[in-house]
Structure formats: C-alpha cells, structure tokens
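Enquirer: sequence? don't have it. structure:
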Ligand SMILES: Cc1cc2nc3c(=O)[nH]c(=O)nc-3n(C[C@H](O)[C@H](O)[C@H](O)COP(=O)(O)OP(=O)(O)OC[C@H]3O[C@@H](n4cnc5c(N)ncnc54)[C@H](O)[C@@H]3O)c2cc1C
C-alpha cells in the first residue's frame, strides 16, 4: 500500500512524520503547541521532498475541502485549502468556466497549487496559478489569521505564492476562473523530427494557441535528437463540437499503459509512441480531461518505476541561451542510457508571477522522469545542473529531490529575502536540505 504521506516520486522516503489531520477551519489547532517543526500537506503530488517533513509534523489539509462561495457573474471561487482542482472543475464547468491555470493533474489541492505556484500548458498566455489568486487567509503559529492579497499584506501574499508551505497555513483562498466556449478542446498533434523543427512549430503555436506542450523522445539521437509530438489547442466553440470525434486512448499524447520500466522497454516505448501517429499532423476535438489530465486516467502509473521510486527533473532556461544548452543536456541524457518515458518540453511566457520564489520565468522548460537508480542518475543530473546554472536557468523546487544547497542558492538568490517571511514553526525536508 502506498503511504499517503510520502511524495509522488516516493524518493526520498520521509521517516518519523507525525500527522495532524485538520477538519474544521473553526477548530484549527494552536500551531505554537507543536514541539516539532510543522508543514502543511495537500495530497502529496509534489514529486520530491517539498511536501515532506522528516522528524516533523504534517498538517493534513485534505478534509478542509468545502467551498465557501462561487461568484458566477465574475468567475471568482473561494474555497478551503484542501478543495481539489477536480472539485473546482465539477463546480465551475457546468457554468461555462475553466481553471485559469492548471497542472497536468487535477488531483491536487488549492493549498498545494499556491504552495508550488503551479503552471500548465497555457503559461505562455496565462501565467501561473498564483497569477489568478486574489486573496487568501494565512494562519501563523502566533495564532494570527492574516488576510493577504495584492493590496493587503502584499509582501506576505507574494512570499506565500510559491512559498513551499513555509509562510504559514493557507486556510482558504479565492481565485479567478476563466470563461470558456465549451468543455472541449480543438487540438492538433504535429510530428517533429528535430529540436530545430520544435522551435519553428513552437514559435507559431504560441502565438495562435492557448495551450501548447510537446512530448519528446529521449532515446533519439544524432539528427533525430529532440524529435517528438507537438500538441496544441484552443477551447472549441459550439459549431466545432458538432463533429466531435473523441479519440480516447492512443490518439492523445501521453496516454499509455506503463510497461515494466527498463532501458529496453523505454527504447521500444519511445519509438512506438513517436510512430503511433501516421500523419505529420492530426486534428481532433477532445474533452478537456484527456487533453489536460491524461495521466490521471492511468492508475498508479508511478509505481511502475519500482520500489526505489523515481525523480522528476524540471528546469527552465532563458530563451537567449536555450538552444545549445538544451541540446547539450539532451545529448548527455541520451548518452547516459537513463530511461525516460515522459519527457515534456514547453515554452514559459512573460506573464510574471506574484510569487517571490516562483519557478516559472520566460524560457523553455523541460520535465523528465527517471527511475531512481542511485548514484548513476544523481551523477548525471549534477552535470546537467551545471549546464542549467551556467545558462542562467533554474530547477523546479516542487519537483526536486536532490539539487545541492549550493545550486539552490544560486538559482534562487531571493531565498534570503523570502526567509524573512517564513513562520518560525514551519520547515520542510526540502528547505533543510537546500539551506544547510
Ligand atoms: C501527474 C502529475 C502531473 C503534474 N503536472 C504538473 C504541471 O504540469 N505543472 C506543475 O507546476 N506541477 C505539476 N505537478 C506537480 C503538482 O501539481 C504540484 O506539486 C502541486 O503543488 C501538488 O499539490 P498537492 O495538493 O498535492 O500539495 P503537496 O504536494 O502536498 O504540497 C505542495 C506544497 O504546497 C504546500 N501546501 C499544501 N497545502 C498548503 C496549505 N494549505 N497552506 C500552505 N501551504 C500548503 C506544501 O507544504 C508543499 O510545500 C504534477 C504532479 C503530478 C503527480
């Protein structure tokens, strides 16, 4: 059985965590009464250790899952912190709204979406989740309940968005949702055969499509390095969905059954997946679920990585430095023989997040999974970290389990300014690891 209080990657494993379940906003515990350090916990869908607190206390927020209000005129939702994006979608889509930003799973909480300031396929147009947060309440360990917004306690507001759960417990939050023309996406999937081609398609797509993301084949090398499938789409209007052809499995990027993960199966999978699409370009109309949340349809796929768990590695490199550095990183990864099924390439746009510590910034981001095989993978990622660092890029804390404290301080020099807002009772395994 999977422990509900580990992270999604199951690496590192956190020992000796005490769990405090929260049920009612009116009956929250006195946070100063805990002897050990505390950390809010959503649904543990972070991959690394930012949601873990070894030898400390986790405040389990999953039962703080009630809506407070929904303004259907202006598209504003107020909800307790443990409400999930899935619950929000059930509430708002019948009224013609959709999330203004969503990650690749809807099984996360509002508190978690703010804590990591999550991003999705429309970052190039809509920014992060935090860009749409209008207000929240923060419970601090001194007992104060502080309402934060861009106007009120603005610094604490900025520190908490992307603040990794360290500034206090978000009890409820209010955020904007966006009007959409239907629940369906008119999407295109385009095959590209090299990194150069990716950049050409990407340039056009980000101007004409609200949602863009690419899967790339990390086993292809030489002139095929960086080949993959580019997926782009916009919400469909009523006339377009008259000819709905929902292709459930197979046709949508990233839906698959995970075979047993080893280098041979990965090699075979990547080639098969790339070649499953016969035409260079395919068009279809699909429901938002398979388009945004394909992995949610595959139960416990992460367990296929075996009992040592896995790492997700995500970085962003600024545009001006991206091409050669990305190529170098891909070459290192291909030559290392490390296996990845799920490698995603995406452009982040200029919309600035309010979060002091937020990860997304203009550039190209790559996210890649590796089975945790010990020193082998860790050594390779040290090499790629150095390239990211020299290229002026950064690594995503919400997915990290291993970046060095030295690199963290270079990636996030604002950590000192941020530290002033950390609640003295709060800490996490991640924070202790990167600030030693
Ligand atoms: C299949 C899959 C796809 C994903 N795709 C993306 C993606 O496209 N983009 C992206 O950005 N991320 C993505 N993620 C990562 C995931 O969206 C984030 O890690 C998210 O923050 C997890 O939310 P959670 O509710 O599980 O929170 P947890 O993982 O439990 O916690 C996340 C952080 O938020 C803090 N926190 C939680 N609740 C509160 C609260 N009430 N008050 C204060 N702090 C709190 C925690 O302390 C922790 O630091 C993906 C994850 C999975 C499993």
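Expert: Looks like it came in fine. None of these values were measured; they are calculated from a predicted model.
Enquirer: mind jotting down where the helices sit in this structure?
Expert: Here the chain has its helices, by DSSP state H, at 85-92, 110-115, 123-126, 154-160, 195-208, 263-275, 288-292, 322-336, 375-390, 405-411, 415-419, 429-434.
Enquirer: and the gap between residue 170 and residue 289?
Expert: Plainly put, residue 170 is 27 Å away from residue 289 if you go by Cβ to Cβ, to the nearest Å. (Each C-beta comes from the backbone N, C-alpha and C, glycine too.)
Enquirer: which one of these two is surrounded by more residues?
Expert: Higher neighbour count among residue 170 and residue 289: residue 170, with 30 against 18, using other Cβ atoms under 10 Å.
Enquirer: what about the residue in the stretch 301-436 of the chain positioned nearest to the ligand, how many neighbours?
Expert: When distances are taken as Cβ to the nearest ligand atom, the stretch 301-436 of the chain reaches nearest to the ligand at residue 398, 4.4 Å away. As a burial measure, residue 398 scores 26 neighbours (other Cβ under 10 Å).
Enquirer: OK, contacts around it?
Expert: Applying Cβ atoms under 8 Å, 6 or more residues apart in numbering to residue 398 gives the contacts 46, 47, 48, 50, 115, 116, 118, 164, 359.
Enquirer: circling back: hey, least reliable of the helices of the chain by pLDDT?
Expert: In terms of average pLDDT, helix 263-275 trails the rest of the helices of the chain, at a mean of 82.
Enquirer: okay, now residue 272: neighbour count?
Expert: Quick note: residue 272 (other Cβ under 10 Å) scores 10 neighbours.
Enquirer: ok, it to the ligand distance?
Expert: As for residue 272, its distance to the ligand is 21 Å (criterion: Cβ to the nearest ligand atom, to the nearest Å).
Enquirer: go on, residue 62?
Expert: For residue 62, the distance to the ligand (Cβ to the nearest ligand atom) stands at 9 Å.
Enquirer: what parts of the stretch 201-350 of the chain come near the ligand?
Expert: The stretch 201-350 of the chain has residues residue 295 near the ligand, with proximity defined as Cβ under 6 Å from any ligand atom.
Enquirer: could you rerun that using 8 Å?
Expert: Listed as neighbours of the ligand in the stretch 201-350 of the chain under the rule Cβ under 8 Å from any ligand atom: 295, 296, 302, 312, 344.
Enquirer: tell me the bridge partners for the fourth one.
Expert: Which is residue 312. Beta-bridge pairing for residue 312 (DSSP bridges): residue 369.
Enquirer: again with the last one
Expert: In this entry, residue 344 is beta-bridged to residue 215, residue 367, by DSSP bridges.
Enquirer: for it, grab the count of nearby residues.
Expert: Neighbour tally, residue 344, other Cβ under 10 Å: 21.
Enquirer: that one against residue 218, yeah?
Expert: No. Using Cβ atoms under 8 Å as the test, residue 344 is too far from residue 218 to be in contact (10.5 Å).
Enquirer: which neighbours do the two have in common?
Expert: residue 368.
Enquirer: what sits up against the least confident helix or strand in the chain by mean pLDDT?
Expert: The helix or strand of the chain with the poorest confidence is helix 263-275; it has a mean of 82 (mean pLDDT, DSSP states H and E). Outside of helix 263-275, the residues within contact range by Cβ under 8 Å, 6+ apart are 191, 215, 217-220, 227-229, 256, 259, 337, 339-341.
Enquirer: name the residues of that helix that are buried.
Expert: For helix 263-275, burial by neighbour count (16 or more other Cβ atoms under 10 Å) applies to 266, 267, 269, 270, 273, 274.
Enquirer: now swap in stretch 146-158 and tell me
Expert: The neighbour-count check on stretch 146-158 (16+ other Cβ under 10 Å) flags 146, 148, 156, 157, 158 as buried.
Enquirer: distance check, the fourth one against residue 331.
Expert: According to Cβ to Cβ, residue 157 and residue 331 sit 42 Å apart.
Enquirer: ditto for the last one
Expert: Taking Cβ to Cβ as the criterion, residue 158 is separated from residue 331 by 38 Å.
Enquirer: again, but for the first one
Expert: Using Cβ to Cβ, one gets 49 Å for the distance from residue 146 to residue 331.
Enquirer: dump the residue contacts of residue 7.
Expert: 14, 44, 45, 46, 47, 48, 49, 50, 51, 52, 401.
Enquirer: picking that back up, out of the residues of the stretch 201-350 of the chain next to the ligand, which are buried?
Expert: Among these, those classed as buried by 16+ other Cβ under 10 Å are 295, 302, 312, 344.
Enquirer: quick check: the first one touching residue 104?
Expert: Same thing as residue 295. Yes. If you go by Cβ under 8 Å, residue 295 and residue 104 touch, sitting 6.2 Å apart.
Enquirer: pull the most distant pair out of the buried ones among the residues of the stretch 201-350 of the chain next to the ligand.
Expert: Using Cβ to Cβ, the pair of these lying farthest apart is 302 and 344, separated by 15.3 Å.
Enquirer: looking at it, residue 282 is touching residue 188, isn't it?
Expert: Yes. Between residue 282 and residue 188 there is a contact at 6.9 Å, judged by Cβ under 8 Å.
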